[in-house]
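Student: model the structure of this input:
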Amino acid sequence: MSESYYNIWNEQVQNKINAEIEKNRKSNAVLKFENLPIGSQIKVEQISHDFLFGGNIFLFGDCGSAEKNKKYEDTFGDLFNAATVPFYWKTLEPVKGKPRFETGSSYEYRRPPTDPVVEFCESKGINMNGHAIIYGQPQWGPPIWMPDNRKEMEPYFEDHIRDLAERYKGRVQRWDVVNEPTDQANRGLMPDDYTYKSFLWAMKYFPDSVFLNINDSDMHWDMTLYRRYLEIVRNLIDRGIGIDQVGLQMHIFNPEESKKIANGADILTPGKIYERLDLMSDAGKPLHVSEVTVSAPDDSEAGKQIQAEITKNLYRLWFSYPNVMGITWWNVVDGGAAPGEPSFSGIYDKELKPKPVYFLLDELINKEWKTKTTLKASKDGLVKFRGFKGRYVVSWKDKFGKMNQREFDLLKDGDGFEM
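Tutor: Presented below is the predicted three-dimensional model:
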C-alpha cells in the first residue's frame, strides 16, 4: 500500500472508527449473583454476534470434492453467522411449475437447490437472507416462460411470492423482495409498478416475523443515483410498504481499481463512504452492506495483501457505523463469481486454501470484535463489564464448588441476569 493510501485512511480516521465501534457495538452488562464468595472468578465468553457477518452460499455442494465442500460449509459458523441463499427465479424455476427446491434437482452453476441449503443453515443456526425474489435484470430475472405481457405477468409474480412464503414459512429470516430497482433502463419487461406490487404481495403472504428488504446501489455510484435510490425507498414507505432493511452494495470488480486504491486514488474514500451511508440513513431503516467484492489486483502475495488491507479498512468503517446491521462478502471462493466478474475476489483460493483476507476477517470477527474475559465478584455479588453485543455464556463455581453456566443476550446497557 502506498503512503497516499495511508494518508487517506489516516490516524484521525482510524481514531474516529475506533471510537464509533466502542460507542455503537458495545453495551454495559450487569450480572448479579447471590451467596457468591467475594473474589470468585466469573468467566465471560461471547459465543455469537448480534451484528451479521455473512457471505453468499452460492457454491454449496459445488466446490469439486467432499473435502472442499466441507471446508466451504465450515466457513458458515466458523467465520460467518449469516448466509445469502440464491432464489433467482430464472434458475429456480426454469420449467414452469417445476421449481428446483429439492435435493436432486437439475444442476445450475451457483444456484444450488434451495431446500438443502436452508436445512444446512438451520442446522448451524445461520441467519439467512433469501436473494432475490423479484429481479428485473433479464439475465437473472423472470423465467423465460414468462408471458410477454405486463398485465399477464402479474398473477405469476404473486403466485411466486406466495409459494416461497408458504414453503419456507418464516424459516428464512430475511428476503430481498426486489433487487436493484433503480436502473430501469437495463430492465426487461416487468409489470407496471412491480417494485410496489411485489412488496404488497410479500406483506400479504410472509409472516410479520420475517424482514422484507430492498437491495440496490453501489458505493461507487454518484450521489445523483444514490438520491434516486433513496427516493424509491421513501416513496414505497410513504405508500405504506413495510421495508425493514435497505441493502447497499460495494463491488470492486476490476483488479485495476484495487491497484489504484492501493496507490491512493480518490476512490471509496472514508468521506465518500460516510456521505452515502448518511444519505441512505435518511430512509430511517437499518442498512445492510449486502454485497461486498474486493478483488485482489492479481494472484501474487502482494496482491493478496492489498485485498486484505482494503478489506480491513472498509469492514472497520462499516462495522463502526451506527445504522449498519450487517456486512455480506459476496464471492467466498476465487473463480466462484458470476461470469465476467473477477477471479481473485474470494477469501479462499480455488483449492479452498485461506488467503490473507480470510485471516484478516477471522481476526476481526472472532477475536478483536468478540469479548472474552474473567472477572471477580464484588462483595454485593455484582459483576459488570462492557462487551460487544451478542450472546454470552457465563461460567462460575458456587459456594459449594459446583460449576454453573448461564447464557444471556447483551443488546443494550443493563442487560444481564440476576441469580
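
Student: can you pull out the strands in the stretch 1-150 of the chain?
Tutor: Applying DSSP state E, counting those that start in this stretch to the stretch 1-150 of the chain gives strands spanning 26-32, 41-49, 52-56, 82-86, 127-131, 134-135.

Student: mean neighbour count, mean pLDDT and distance to Ser65 added to those, as TSV?
Tutor: Glycine gets a C-beta too; all of them are placed from N, C-alpha and C. Output for the strands of the stretch 1-150 of the chain, formatted as TSV (neighbours: other Cβ atoms under 10 Å; pLDDT from 0 to 100; distance: least, Cβ to Cβ, whole Å):
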stretch	mean neighbour count	mean pLDDT	distance to Ser65
strand 26-32	18	97	41
strand 41-49	16	97	30
strand 52-56	23	98	20
strand 82-86	24	98	21
strand 127-131	24	98	25
strand 134-135	24	98	31
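
Student: what would the ones you listed look like in CSV with distance to Lys402?
Tutor: Putting the strands of the stretch 1-150 of the chain into CSV (distance: least, Cβ to Cβ, whole Å) gives the following:
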stretch, distance to Lys402
strand 26-32, 18
strand 41-49, 14
strand 52-56, 36
strand 82-86, 37
strand 127-131, 35
strand 134-135, 56
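
Student: select, out of those, the one closest to Phe319.
Tutor: Nearest of the strands of the stretch 1-150 of the chain to Phe319, taken as Cβ to Cβ: strand 52-56 at 8.8 Å.

Student: same for the closest one, what does it pack against?
Tutor: If you count contacts as 3 or more Cβ pairs under 8 Å, 6 or more residues apart in numbering; DSSP states H and E, strand 52-56 packs onto strand 82-86, strand 127-131, strand 324-329.

Student: nearest to Trp9, out of those strands?
Tutor: Closest approach to Trp9 among the helices and strands packed on strand 52-56 (Cβ to Cβ): strand 324-329, 17.4 Å.

Student: got the contact list for Arg111?
Tutor: 58, 86, 88, 91-92, 100 (Cβ atoms under 8 Å, 6 or more residues apart in numbering).

Student: cutoff 10 Å now
Tutor: Going by Cβ atoms under 10 Å, 6 or more residues apart in numbering, Arg111 touches 58, 60, 62, 86-88, 90-92, 94, 100, 105, 140.

Student: then Phe388?
Tutor: Taking Cβ under 10 Å, 6+ apart as the test, what Phe388 contacts is 21-22, 25-27, 46, 49-51, 368-371, 410.

Student: give me the buried subset of the contacts of Arg111.
Tutor: For the contacts of Arg111, a neighbour count by 16 or more other Cβ atoms under 10 Å gives the buried set as 58, 60, 62, 86-88, 90-92, 94, 100, 105, 140.

Student: and those, which is closest to Tyr205?
Tutor: Phe87 (14.4 Å).

Student: thinking that closest one is in contact with Arg174, fair?
Tutor: No. If you go by Cβ atoms under 10 Å, Phe87 and Arg174 don't touch, sitting 11.7 Å apart.

Student: between the two, what contacts are shared?
Tutor: Both Phe87 and Arg174 are in contact with 129-131, where contact means Cβ under 10 Å, 6+ apart.

Student: where along the chain do the helices fall?
Tutor: Taking DSSP state H, the helices of the chain run over residues 3-8, 11-24, 66-78, 89-92, 114-124, 150-168, 194-205, 223-238, 255-262, 270-281, 301-320, 356-363.

Student: which residue is the nearest non-sequential neighbour of the residue nearest to the spatial centre of the chain?
Tutor: Note on the chain: the residue nearest the mean C-alpha position is Thr328, at 3.1 Å, using Cα atoms, centre = their mean. Nearest residue to Thr328, sequence neighbours excluded (Cβ to Cβ, 6 or more residues apart in numbering): Gly54, at 4.0 Å.

Student: ok, Lys370 next?
Tutor: Excluding its sequence neighbours, the residue lying closest to Lys370 (Cβ to Cβ, 6+ apart) is Gln46, at 4.7 Å.

Student: mind listing the residues bridging to the one you found?
Tutor: Beta-bridge pairing for Gln46 (DSSP bridges): Tyr392.

Student: got a list of what it touches?
Tutor: 366, 369-373, 387-393, 410 are the contacts of Gln46 under Cβ under 10 Å, 6+ apart.
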